[in-house]
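J.: Just to be clear, the model below is a prediction. Sequence and coordinates:
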Amino acid sequence: MVKTTRKLMPIQTSTVSEQKRLSLPRSRLVIIYWYCLGHASLPMVFLWHEMDLARRLMSTKVPSLVSRFPLRNLYGSSVNQLSVLLVRVTATGCETVLARIVRLVEEAQGNQAPVQAVADYVASIFAPTVLTLALITFGAWATFNTGVDTQERFFVALMSAISVVVVACPCALGLATPTAVMVGTGVGATNGLLIKGGAVLEAAHSVDTVIFDKTGTITSGRAVLAEKKEFVSHAADAESDPLLVGLPSKVQKEDVALWLASCAETSSEHPLAKAIVNSARGKWGGDVTLSSDGVAVTDFNIVPGRGVECTVSRQGWGSWNVRVGNWIWANFTDESSGVSTQPPPKDAIAAPEAEDMRRRGQVSVFVSVKSKDQESSRIIGVLGIADSINAESRSTVAALKNMGVDVWMCTGDHELTAQAVAGEVGIDNVTASCTPEEKADLVSRLQKRRRAGSNKPGRVAVVGDGINDSVALARADVGIAIGAGTEVAVEAADVVLVRSSLHDVVVALHLSRVVFDRIKLNFGWALAYNIIALPFAAGVFYPWTDWRLPPAFAGLMMAFSSVSVVTSSLLLKTYSKPIINDDGTLDSGGCVAYVVRRICCCLFCSRGQSSASKAYARTPPRHRLASLGIQA
């Protein structure tokens, strides 16, 4: 039996005999146990060969690309991203590692928020202190309560000591964090935010930098092919070009680059790939590879951050290695990884056309071919893909800036395209032409940076939706994934935006601040309540009031402190997410939340920190980039 799963839940089964092979789709299909008959590279997000490595990977959430060759084992919960696989199932159910991984997930969900450790530490000091005060109270009443017999004196001293112990029970301190976290995550789910634990809420409240991906995040992800430039059909030797001799009858000479690009992008899930394939479907229908004409597409491969490649062959036409991606990748600069720091020369073929496309905010995609008989490749076309700006991008960026958050954009696209998009949405800090590893390095540098007037390292959140963002999402303090993104990005993130709305990034940070403010208010209330009640329980005011606090009444006061903390946390259910206006201003998310936040600001926020935030906001963007070793 093969159980296909999504989020570890069985949704479909099918039977495979020993004689048959099963062709598995890419991405969202998760197999219990695999025996590889084909070749692929797999991002093993939550699994390695041994459970101790799986446990380590669960804590770090860092994806790693692993190649698997024919007749090698593939392990359950792997997500195939880069090619098509033929596999044979050899084990299912409780015989696999999946059951143990489920237990690891349950353990991770039971972890406490780090702020709970503060409450535990305070309670560990508070409890012995209260016991010491109870002994002092007993001794004071037994010594100084003169004028009564010994039995009465001992009884009064004992009752007063018991009242001290009962009224100062730190139950409210223990309830301050978990109740607020529980209600806060429930409120987040109601508002379309899947928050993976209390630690995420605590980290999100102090985020001071947000890094956005461009494609599918700042932009809508519904890219379309805006224009294409072909260089084969207009060449002087076009009639004798072997690439054009023996073409399928449905392919016109001026569409060769588009057709070959669609053959390479058919198995890709990138938004730009979908734009190319959709344009090809408009010309050739559902069979864009023209397999009905004897065309075979094999050896499909993806290099994240660079492009895709495949081999397109047809009898009588030959076999061609096709690459689609950036200029370096298309020119076969580095056969192993496509990595090179050399930009394309300005007089290179397709360079002027690509520059014009980028100035118009389009993404330029190069298409190149190389036959087995040729030593070098040649670029046969460049495609200009337009991806419209997300309607919520500008207001989201403005709202984050108003909240004191520094906004960056990091993309693998060309700098001209990135700057055009960033300027349209109001982002000042841009890094372009970044590989997935370079995105993660940027996150690390921003985490080490200390903002003006603060000695604490930065807290960084990354917002993305694709495979290229998964490493940065895992490296960030808070990873925020678009719900409509790839499965790898969703699994690597700490917060999932179910509605795929960019405004929910602001809501997530706003909610985390409200919840954390409520936790601090609960702490303050519980400590203040106990400190004020202790003198009454000890009988400090007895000489003036002629009244002592009985143990039964002390128990009632103790219960009231716990109930008040729980009630305070339950009031988070009145939270309504702020309305984000076009200029980035926020309309209040409820009067209760507003009052609590103002109280917490008065109690816990320092004027110096506010001044530091304002000073940093006035720092020119180029100075912020220079502090990280990045040229603007």
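T.: Structure received. Residues are numbered from 1 along each chain as shown.
J.: Surely residue 278 is in a strand?
T.: No: counting by DSSP: H, G, I helix; E, B strand; the rest coil, residue 278 is not part of a strand but helix.
J.: Hmm, it is touching residue 224, no?
T.: Yes: using CB atoms under 8 Å, residue 278 makes contact with residue 224 at a distance of 7.4 Å. To be clear about C-beta, it is placed using only N, CA and C from the backbone, and glycine gets the same treatment.
J.: Run through the helices of the stretch 401-550 of the chain in chain order.
T.: For the stretch 401-550 of the chain, the helices defined by DSSP state H, counting those that start in this stretch occupy 415-425, 436-448, 470-475, 487-492, 503-538, 542-545.
J.: What helices and strands are in contact with the third one?
T.: Put plainly, it is helix 470-475. helix 436-448, strand 460-464, strand 478-482, helix 487-492 (3 or more CB pairs under 8 Å, 6 or more residues apart in numbering; DSSP states H and E).
J.: Partner strands of the second one and their direction?
T.: This means strand 460-464. With DSSP bridges as the test, strand 460-464 is paired with strand 209-212 (parallel), strand 478-482 (parallel).
J.: tell me, which of those is the model least confident about?
T.: Across those, strand 478-482 has the smallest mean pLDDT, namely a mean of 89.
J.: now the strands for the stretch 201-350 of the chain?
T.: Along the stretch 201-350 of the chain, counting by DSSP state E, counting those that start in this stretch, strands occupy 209-212, 224-230, 296-303, 307-314, 318-325.
J.: shaky segments in the stretch 351-500 of the chain?
T.: Scanning the stretch 351-500 of the chain for pLDDT under 70 picks out 451-454, 484-489.
J.: picking that back up, of the helices and strands packed on helix 470-475, give the one that comes closest to residue 257.
T.: Closest approach to residue 257 among the helices and strands packed on helix 470-475 is made by helix 436-448 (26.8 Å; CB to CB).
J.: Same question for that closest one: list its buried residues.
T.: Neighbour counts over helix 436-448 (16 or more other CB atoms under 10 Å) mark 436, 438-443, 446 as buried.
J.: Ok, stretch 541-555 next?
T.: Quick answer for stretch 541-555 (16+ other CB under 10 Å): 542, 548-549, 551, 554.
J.: Dump the strands paired with strand 460-464 into a markdown table; add distance to residue 457 and mean neighbour count as well.
T.: Below are those laid out as a markdown table (distance: least, CB to CB, whole Å; neighbours: other CB atoms under 10 Å):
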| stretch | distance to residue 457 | mean neighbour count |
| --- | --- | --- |
| strand 209-212 | 11 | 26 |
| strand 478-482 | 14 | 28 |
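J.: so which of those strands comes closest to residue 430?
T.: strand 209-212 (10.0 Å).
J.: who's in contact with that closest one?
T.: With contact meaning CB atoms under 8 Å, 6 or more residues apart in numbering, strand 209-212 is reached by 218, 397, 400, 405-410, 427, 439, 442-443, 446, 458-464, 472, 476, 505, 509.
J.: pLDDT below threshold where in this structure?
T.: Using pLDDT under 70, the chain drops low at 1-86, 90-119, 233-238, 333-349, 451-454, 484-489, 588-632.
J.: how about residue 365, what does it touch?
T.: Per CB under 8 Å, 6+ apart, neighbours of residue 365: 261, 272, 276, 307, 324-326, 382-385.
J.: just curious, which of these is nearest to residue 138?
T.: Closest approach to residue 138 among the contacts of residue 365 (CB to CB): residue 272, at 76.6 Å.
J.: Alright, calling it a day.
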